[in-house]
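A.B. asks: sequence and computational prediction follow.
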Amino acid sequence: MSFRNRVIAVTPMICVFFFLLLGFGWGLWHPGWIVFILIPIMPYLVGKRKIRLSIPLIITVIYLILGFGWNLWHPGWIIFLLIPVFTTLIGRSTLTVEKDKNERIDKNDYIDVE
C-alpha cells in the first residue's frame, strides 16, 4: 500500500481524534465537526484524485457563499436536495464530456483499492 493510500485510510481516525480533542478539551463541539470535511477531500489533497467540475461541488460552493456571504445557513441547506434531482435528470453528477470507449482511462482518476 502506498503512502498516499495509507494517509487516506487513516484520515477518519485522525479526524475523530481531533474532533474529540477539540470537544472534550475546549468544548468546541460545534466548530470541531469541520475536521470531518478532511475525509472526502483527502484524496484530492494528497494528489490521488483530480478535482472535476460536478453538480455536488457547484452546489456546495453555492451553499458556502450563501452561508458566509448572507448568513443563510439554515434555509441554504435545502439546495443540497438538488443533487439527486440533477443526477436523476442528467444521469451523472460530473459535467465533463464522456470519454471515448477507445480512450485510455488515467489510473489517477480512481482510488486504488488494495
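C.D. replies: Great, that's in hand.
A.B. asks: quick check, central residue of this protein?
C.D. replies: P40 (4.0 Å; CA atoms, centre = their mean).
A.B. asks: what strand or helix carries that one?
C.D. replies: helix 38-45 (DSSP states H and E).
A.B. asks: I'd like to know which elements that helix is packed against.
C.D. replies: Under the contact criterion of 3 or more CB pairs under 8 Å, 6 or more residues apart in numbering; DSSP states H and E, helix 38-45 touches helix 3-26. Heads up, the C-betas are built off the backbone N, CA and C, glycines and all.
A.B. asks: what pLDDT, on average, does the helix holding P40 get?
C.D. replies: In this model, helix 38-45 has a mean pLDDT of 93.
A.B. asks: which outside residues touch it?
C.D. replies: Under the criterion CB atoms under 8 Å, 6 or more residues apart in numbering, residues 7-8, 11-12, 14-15, 49-51, 111 lie in contact with helix 38-45.
A.B. asks: can you add distance to W73 and give these back as JSON lines?
C.D. replies: As requested, those are arranged in JSON lines below (distance: CB to CB, whole Å):
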{"residue": "V7", "distance to W73": "31"}
{"residue": "I8", "distance to W73": "29"}
{"residue": "T11", "distance to W73": "25"}
{"residue": "P12", "distance to W73": "25"}
{"residue": "I14", "distance to W73": "26"}
{"residue": "C15", "distance to W73": "21"}
{"residue": "R49", "distance to W73": "28"}
{"residue": "K50", "distance to W73": "29"}
{"residue": "I51", "distance to W73": "24"}
{"residue": "I111", "distance to W73": "31"}
